[in-house]
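>>> kindly return the folded structure for what I paste below:
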Amino acid sequence: MGNYTHVFLLKTGDIVHSRDYMEIDMHGTKFLLLFGRNLKRLRNSQNLSLRQLATRCNIDYSDIGKIEKGKRNIQMSTILELSTGMGVHPKELFDFEFEWKPEDFG
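The predicted model follows:
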């Protein structure tokens, strides 16, 4: 990791520092981490435990935990399952700030 300082702000005010992810990788690690943190924010705002959300959307709670930590790349069908389980539009899962540059992703 280089001597770079990257800070991303979610709309909730959470701060994600570069120490939380690899600088830039071709697999979108930053994006997965930010997506997961937003998912956790939404889940917590509804006072849902991992197990409660898992029951609502038929996804194992350990998988949801991995998604929230940015360690699982998910399919579109999983996005729909998660949003349905929380009763939100799928676009709400993507409601976070992300600096996107095409050259970062090949």
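>>> I'd like the distance from the lengthiest helix in the chain to the chain centre, please.
Using DSSP state H to define each element, the chain has its longest helix at helix 29-45. The chain centre lies 3 Å from the centre of helix 29-45; the measure is C-alpha atoms, centre = their mean, to the nearest Å.
>>> with stretch 41-51 instead?
Relative to its chain's centre, stretch 41-51 lies at 13 Å (C-alpha atoms, centre = their mean).
>>> now swap in stretch 55-67 and tell me
Centroid separation between stretch 55-67 and its chain, computed with C-alpha atoms, centre = their mean, is 13 Å.
>>> now do the end-to-end distance for that stretch.
This stretch, stretch 55-67, spans 16 Å end to end (C-alpha to C-alpha, to the nearest Å).
>>> I would like the residues contacting it, please.
For stretch 55-67, contacts defined as C-beta atoms under 8 Å, 6 or more residues apart in numbering pick out 35-36, 39, 43, 48-51, 53-54, 72, 74, 78, 81-82, 84-86. Glycine gets a C-beta too; all of them are placed from N, C-alpha and C.
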